[in-house]
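Peer 1: Please work out how this folds:
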Amino acid sequence: MVLNFECKICHQVFDSDIGSVSLVEDSDRPAFEKGLLCPTCGAVTIDDVKLTELGQSQLIAETLEFNDDFWGSYEGLCQGCDLYLPINDLNLCDDCASKLERDLIRERDWDYSIAAFGLDASKREELRRQVIAQFGENLELIASSKKIKRSARRQRTRRKKKNGS
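Peer 2: This next block holds a predicted model:
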């Protein structure tokens, strides 16, 4: 396997064939089958290099392939549209999962929104404005959490009927 690194010594970005990757149980570092070789500095240790963003993506793709099997989609009944489609861990198809995400953003339910994770308050509000501008203000999948106010006249009529007047 080839990963992309940046040498901390000479600051050169390079690809290095590291062989296979294994994860050591008591360490936060991966173990490489082959040593690292910087084109300028020669043989270097893992402390002498850092993974570039590309290298991080390559490493994640190689070491976490089991995620597709474990968390990936599988065929099932979507809880949103009642169609038999590939569904995620929430039992929603891709379309309904997108609708749920937009509804959570519209409702400002930031604790459950994936897109709002890690954003500050102003960026969250900007995200909400963008969703409303693109998809409208009405909820698509979930029921509104806001209580519907009834008019005073309708409430009086209901009370009269209930009291038998």
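
Peer 1: OK, contacts around the residue nearest to the spatial centre of the chain?
Peer 2: In the chain, the residue lying closest to the centroid (CA atoms, centre = their mean) is Ile114, at 4.9 Å. Counting by CB atoms under 8 Å, 6 or more residues apart in numbering, Ile114 makes contact with Glu101. Yep, even glycine has a C-beta here, placed from its N, CA and C like the rest.

Peer 1: mind starting the numbering at 36 from now?
Peer 2: Got it, first residue is 36 now, which makes that one Ile149.

Peer 1: Walking through the chain, point out its strands one by one.
Peer 2: Assigned by DSSP state E, the chain shows strands spanning 37-42, 48-52, 56-58, 65-67, 71-73, 77-79, 84-86, 109-112, 119-122.

Peer 1: Quick one, grab the pLDDT at the residue nearest to the centre of the chain.
Peer 2: The predicted local distance difference test score for Ile149 is 89.

Peer 1: How about residues contacting the longest helix belonging to the chain?
Peer 2: Longest helix in the chain, counting residues (DSSP state H): helix 156-170. Applying CB under 8 Å, 6+ apart, the contact partners of helix 156-170 are Arg137, Ile140, Arg141, Arg143, Trp145, Ala150, Ala151, Leu154.

Peer 1: What's the local residue count around the second one?
Peer 2: Ile140: 24 surrounding residues under other CB atoms under 10 Å.
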